[in-house]
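*Asks:* Just the structure for this:
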Amino acid sequence: MDPIDIKQALYAKGFSFAMIGEALAVNANVVSGVCYRRTTSKTVAEGIAKAIGKPVTEVFPDVESYKQVRLPKGRAREAKQAELQQLLAS
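*Replies:* Just a heads-up that it's a prediction; the model follows:
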């Protein structure tokens, strides 16, 4: 989606860049920057996409870094580490 379409879709749902920013604890300028492709933030992009009700890859199909799967953290990482150790031990 282009930035104008994103902004219109957010407004149609009753949201603004400022509201998205407050919900994600970032400045509205960061939300605007992500929307207009001046900066990247997968967290902000996912927030925008969720607010619109579409997958992040549909809202930002041109941003490769949003297509990548995040590596697990915390307990999920520990579980993946154990899985890898088990795999390599066999």
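*Asks:* Could you list the buried residues of whichever helix or strand M19 is part of?
*Replies:* In this structure, M19 is located in helix 17-24 according to DSSP states H and E. Buried positions in helix 17-24, judged by neighbour count with 16 or more other Cβ atoms under 10 Å: 17, 20-21, 24. Bear in mind the C-beta positions are built from the backbone N, C-alpha and C, glycine included.
*Asks:* Using CSV, write out the CA atom coordinates for the next helix or strand along the chain from that helix.
*Replies:* Using DSSP H and E, the helix or strand that follows helix 17-24 in sequence is helix 28-35. Taking C-alpha atoms only, helix 28-35 is exported to CSV below (Å, rounded to 0.1, in the frame of the first residue of the first chain):
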residue,chain,number,x,y,z
ALA,A,28,4.1,9.7,16.0
ASN,A,29,7.0,10.8,13.7
VAL,A,30,8.3,7.2,13.9
VAL,A,31,4.9,5.9,12.7
SER,A,32,4.9,8.4,9.9
GLY,A,33,8.5,7.5,9.0
VAL,A,34,7.6,3.8,8.7
CYS,A,35,4.5,4.6,6.7
